[in-house]
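model this:
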Amino acid sequence: MPHLISNRHDRDIDPTRRNKLLRSLPDDVRQRVASHLTTVTMAHRQVLFEQGDIIRHVYFPGGGATSLTKSMNDGGQAEIATIGNEGVVGASVFFGDDRSIGDVIVQVPDGEGLKMSAQAFMAEMNRHEQFFNTVIRYTQALTAQVMQTTVCNGLHSAQRRCCRWLLMTRDRVGSNDIKLTHEFLAIMLGVRRPTVTLVLAELQRAGLVDHARGTISITNLEGLKLASCECYQTVKDTFARLMPEIIEPVS
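So this is what the prediction gives:
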């Protein structure tokens, strides 16, 4: 497999540095891990895994945001986690589950990602070194996000959940402008499309967002945080506590 670490000292051309989890590793560990990585396209609505797929590769997003969604027998679908360049997709293979528990879809694209075979990933994890420690802590933070999302979906209004989702995606994308259709946002929130239209209209009237031509723009960040439920800050604090070397303050 090709090495992704250049012999040059220009760190900016190293693609592993676009993923914060990989970037946090000591240079010698990161270079060893990089020998197992290849670049992959992560296009809008690209499906990395379908629900029930065997996990043959794990993915390290280089930007944007991916959604882990769960489908029900009646066709209903909702998001249970968001993963950006702070993390890894498919790490559950190390914990004995080689099947994807849901669909993993690129919701907001931003450049390329990296992938590693499940076999190479397992070998690195079985070293029980820094890579193992970092992935374990990330997995715990992601589990906390899934748990919080479950509670949020059951107890909080669609409007508050929409605010939470926009804030979480903004943190990962690094922009106030999020390219997203009403249809896709409805899937993320587990509601019907007309509900999303009503929610966004209310948020726009409040001066918190603007939306047109497949883009939702946050126009009042602090106001959107106040309109969100507590779950946004709870998840953010958990990641900051478990992954202080990865999670950077977001203004």
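
where do the helices sit along this protein?
Under the criterion DSSP state H, the chain contains helices at 20-23, 27-34, 118-125, 130-155, 158-173, 182-189, 193-205, 221-227, 231-242.

how far is the second one from where the chain is centred?
Mean-position distance between helix 27-34 and its chain equals 23 Å (C-alpha atoms, centre = their mean, to the nearest Å).

okay, now the domains of this protein?
Residue ranges for each domain of the chain read 11-153+238-242, 157-228, as given by automatic domain parsing.

Throw the ones you listed into a markdown table and include mean neighbour count, thanks.
C-beta: built from backbone N, CA, C; applies to glycine. Supplementary listing: the domains of the chain in a markdown table, determined by neighbours: other C-beta atoms under 10 Å:
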| stretch | mean neighbour count |
| --- | --- |
| domain 11-153+238-242 | 18 |
| domain 157-228 | 18 |
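
ok, now which ones touch residue 161?
If a contact means C-beta atoms under 8 Å, 6 or more residues apart in numbering, then residue 161 has 152-153, 189, 229, 231 as its contacts.

Can you give me the separation between residue 183 and residue 68?
Distance of residue 183 to residue 68, computed by C-beta to C-beta, to the nearest Å: 18 Å.

sorry, back to before: to residue 49, which of the helices of the chain lies closest?
Nearest to residue 49 among the helices of the chain is helix 118-125 (11.5 Å), distances taken as C-beta to C-beta.

now the angle from the closest one to helix 130-155?
110 degrees (axes from the mean of the first three to the mean of the last three C-alpha atoms, to 10 degrees).

tell me the average confidence for helix 118-125?
Per-residue pLDDT over helix 118-125 has a mean of 98.

neighbouring contacts of it?
Residues outside helix 118-125 that contact it (C-beta under 8 Å, 6+ apart): 1, 32-33, 36, 55-58, 90-91, 93-94, 98, 116, 131-132, 135.
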